[in-house]
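> no sequence for this one, just the structure:
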């Protein structure tokens, strides 16, 4: 992982704990994995702990690590580092995605609350006139459409179900059947119906060829006037220019932690509109939160060493559902 990542995710006390259950390499690998220095470390590595900025684990990299048994990822998005070679070697893979999900869920719920209160529009008008009660009442956002019953999507649904605001939740996910939807307490619908009926649309689907641009201009046009789009998944799932047009005309608002491209070019309309909040991919663990990723990874290594099943095991079949 990157050197800055090591210091934040694995502060000294946590690295010391990791060293009590393993023979820890003297220095973390923070650069390329295909050079001679990395190869010397990988040659005797049985457990590889990875994180942000880790290069892909290609067949060439794995060939230098004949003793490797497991990859423990101390971050949420594991897809970029995994290759077919990982699965062909039969390596155990664990991800701290569950530990990273909590902050994303909290961020999403905050955005839903802001959207329901019409916070962006009222904040933009604050300096010119104090709004009356009806102007401060927010949009009719009782129906929240969740796209994707992912790890984060399911936790958002669960939290909304416990909320006394009385949200009705619609779900679009081709991998969910009626029984699973009933257990979650949601109404399973197609994407077009979800957009037509939802005052707030929150995106939690994985980035796959078939999900790219799924919130197209046609789908965005179906969202009722005054609606909001929240995206904490991947920017490519939303048609950026179509969303900019809808928000530019004032019909929709948006809370975007991810964009396509990322970052947006300077001067892009989404960066200047008063009814759009764009944040630089901060919904996941940030600041003091990142230590929870290191704790999760250390606990996974401890489980592996003790012969206890790991909690974050990720298989090849999960790749269609993870970020």
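That came through fine. All values derive from a computational prediction rather than experimental measurement.

> check contacts around the residue most central in space within the chain.
Of all residues in the chain, the one closest to the mean position by C-alpha atoms, centre = their mean is residue 233, 4.9 Å from it. Applying C-beta atoms under 8 Å, 6 or more residues apart in numbering, we find residue 233 in contact with 148, 150, 152, 203, 204, 205, 206, 207, 258, 323. In this view, the C-beta of every residue, glycine as well, is placed from N, C-alpha and C.

> list of residues touching the strand or helix carrying residue 245?
Assigned by DSSP states H and E, residue 245 falls within helix 240-248. By C-beta under 8 Å, 6+ apart, the residues outside helix 240-248 that reach it are 215-217, 220-221, 223, 229, 252-254, 259-261, 264, 268-270, 273, 275-276.

> excluding chain neighbours, what is closest to the residue nearest to the centre of the chain?
residue 203 (4.7 Å; C-beta to C-beta, 6 or more residues apart in numbering).

> and residue 92, its phi and psi?
As for residue 92, its main-chain torsions (degrees, to the nearest 10) stand at phi -70, psi 140.

> quick one, helices of this protein?
3-9, 12-21, 36-42, 59-63, 84-88, 97-117, 119-125, 151-162, 178-184, 191-197, 217-222, 240-248, 291-306 (DSSP state H).

> once you drop chain neighbours, what's closest to residue 204?
residue 153 (3.4 Å).

> could you report the pLDDT at the one you found?
On pLDDT, residue 153 comes in at 97.

> also residue 64?
So residue 64 comes in at 97 (pLDDT).

> equivalent analysis for residue 322, please.
pLDDT, residue 322: 70.

> okay, now the unreliable bits of the chain?
133-141, 323 (pLDDT under 70).

> can you list the domains in it?
3-99+287-320, 101-278 (automatic domain parsing).

> quick one: distance of the last one to the chain centre.
Computed by C-alpha atoms, centre = their mean, to the nearest Å, the separation of domain 101-278 from the middle of its chain amounts to 14 Å.

> same question, the shortest one
Here the centre of mass of C-alpha atoms in domain 3-99+287-320, compared against the chain's by C-alpha atoms, centre = their mean, lies 19 Å away.

> okay, how far is it across it, tip to tip?
In terms of C-alpha to C-alpha, to the nearest Å, the two terminal residues of domain 3-99+287-320 are separated by 30 Å.

> stretch 17-30 now?
By C-alpha to C-alpha, one end of stretch 17-30 lies 20 Å from the other end.
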